[in-house]
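Asker: Need coordinates for the following:
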Amino acid sequence: MRVVLAGGGTAGHIEPALALADALRRLDPAIGIICLGTEKGLETRLVPARGYELALIPAVPLPRALTPQLLTVPGRLAGAINAAAGVLDRVQADILVGFGGYVATPGYLAARRRGVPIVIHEANPRPGLANRLGARMTDHVFTGHPETALPGAQCVGIPLRREVVTVDRFSLGDKARSYFGLESDRTTLLVFGGSQGARSINQAALEAAPVLRAAGIQVLHVIGPKNTVEMEPPPGDPQYVILPYVDRMDLAYAAADLVLCRSGAMTCAELTAVGLPAAYVPLPHGNGEQRLNAQPIVQAGGGIMVDDADLSAEWIVRMLLPILQDPERVAMMSEAASRMGRKDADDILARRVLEIAHR
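Answerer: Numbering: from 1, shown residues only. Model prediction:
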């Protein structure tokens, strides 16, 4: 069996593809897997690090909506389609699975040209243009959100890394806090803004640091690899640990009692899978999908939500600090978040992919 995965550009496209790849390997260790990507995406680092082959094709960004901009695309798209078709021919692909992003559209069109079955997974409640186009070429469409508007789609959840969904936060908590230089017996707030960080979240958390520490709260703050901090909180007890990037998010989740973060589809899926309550800060731009990601979790009691414009140190002290100081409320929110989680989407999707390919 030879499977080509098309999901590049951002972690939100790449991580579900890699989680599916891992699940396919567990079901069939002899399976051949190759990932399509571009030289500008995060896949150039993430895919080889996970032990999978990466085939590069030209990047062809598509507008998120059907606009006149599409008229400039065909010339560049033709070269990317030919490159993707070349990969399908070289590996003698049995099936192509696309997750959206720059590489998905050339992958879908190349697969249709070669008669290779197409499977689509859309993680977001509002599908991007690539998957909206791809969904017209196949009956095999799966989603991570039950309200995603794609014809005939089946909601299976978002494929997640095994090391995340299998983490036992409560038994691993002491070890995880020690791993990051935190004290084992203190309430811990985890702060991060996605794979690239978020300046507004960083600023609000840092300004709230003195009050949080005075209240006995320690903080693990992942600022993002491209962000800097003008003045770090001084060393002391409780700890305020600042890191540019964390490869072991499973340990970061295990160390935390509550999270302050964006509400990307992957973030929401991972936090609910491990049962972590969060204060979600949707991106203030885009198509509003981050608010839609967090809304069901908040409505179920597994988190709270604040607009980016309203996030401040004062809001953190007024809204988050009382929750952090109330273990019973944190426990109730954890249970509510956990009830919203899906841990088996990778296995479900992998089995469906193999069934479709064999058929």
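Asker: What's the per-residue pLDDT of residue 45 here?
Answerer: On pLDDT, residue 45 comes in at 88.
Asker: Equivalent analysis for residue 250, please.
Answerer: pLDDT, read off for residue 250, is 96.
Asker: okay, now it: neighbour count?
Answerer: By the criterion of other C-beta atoms under 10 Å, residue 250 has 21 neighbours. Heads up, the C-betas are built off the backbone N, CA and C, glycines and all.
Asker: ditto for residue 90
Answerer: 11.
Asker: And it, what's its pLDDT?
Answerer: Note on residue 90: pLDDT of 97.
Asker: Now residue 163: closest residue in space that isn't a chain neighbour?
Answerer: In this structure, residue 163 finds its nearest non-sequential neighbour in residue 250, 4.6 Å apart by C-beta to C-beta, 6 or more residues apart in numbering.
Asker: Okay, now the unreliable bits of the stretch 51-200 of the chain?
Answerer: Residue ranges of the stretch 51-200 of the chain with pLDDT under 70: 62-73, 195-196.
Asker: all helices for it, in order.
Answerer: Counting by DSSP state H, counting those that start in this stretch, one finds helices in the stretch 51-200 of the chain at the ranges 74-91, 104-114, 129-134, 162-165, 169-179, 199-214.
Asker: tell me the contacts of the residue nearest to residue 163?
Answerer: Applying C-beta atoms under 8 Å, 6 or more residues apart in numbering, we find residue 250 in contact with 161, 163-164, 167.
Asker: just those now: which is nearest residue 15?
Answerer: residue 161 (6.9 Å; C-beta to C-beta).
Asker: okay, the helices of the stretch 51-200 of the chain in TSV with distance to residue 259 next?
Answerer: Formatted as TSV, the helices of the stretch 51-200 of the chain follow (distance: least, C-beta to C-beta, whole Å):
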stretch	distance to residue 259
helix 74-91	37
helix 104-114	29
helix 129-134	28
helix 162-165	13
helix 169-179	12
helix 199-214	11
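Asker: closest one to residue 302 among the ones you listed?
Answerer: Closest approach to residue 302 among those is made by helix 169-179 (14.2 Å; C-beta to C-beta).
Asker: Identify the residues contacting the residue most central in space within the chain.
Answerer: Among the residues of the chain, residue 266 comes closest to the average C-alpha position under C-alpha atoms, centre = their mean, at 2.5 Å. If you count contacts by C-beta under 8 Å, 6+ apart, residue 266 has them with 11-12, 15-16, 123, 158, 160.
Asker: avg pLDDT for the helix or strand that contains it?
Answerer: Secondary structure assignment for residue 266, by DSSP states H and E: helix 265-274. Average pLDDT, helix 265-274: 96.
Asker: After it, heading C-terminal, what element do we hit next?
Answerer: strand 278-280.
Asker: residues in contact with that following strand?
Answerer: The contact list for strand 278-280 (C-beta under 8 Å, 6+ apart) reads 258-263, 268, 271, 290, 293-294, 297-298, 302-306, 319-320, 337.
Asker: Now the buried members of the residues you listed.
Answerer: 258-263, 268, 271, 290, 293-294, 297-298, 302-306, 320, 337 (16 or more other C-beta atoms under 10 Å).
Asker: among the residues you listed, which are in helices?
Answerer: In helices, defined here by DSSP state H, the members of those are 268, 271, 290, 293-294, 297-298, 337.
Asker: Turn those into CSV, columns for distance to residue 81.
Answerer: Output for those, formatted as CSV (distance: C-beta to C-beta, whole Å):
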residue, distance to residue 81
268, 33
271, 37
290, 31
293, 31
294, 36
297, 38
298, 41
337, 42
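Asker: Settle this for me: residue 306 is touching residue 319, isn't it.
Answerer: Yes - using C-beta atoms under 8 Å, residue 306 is in contact with residue 319, at 7.2 Å.
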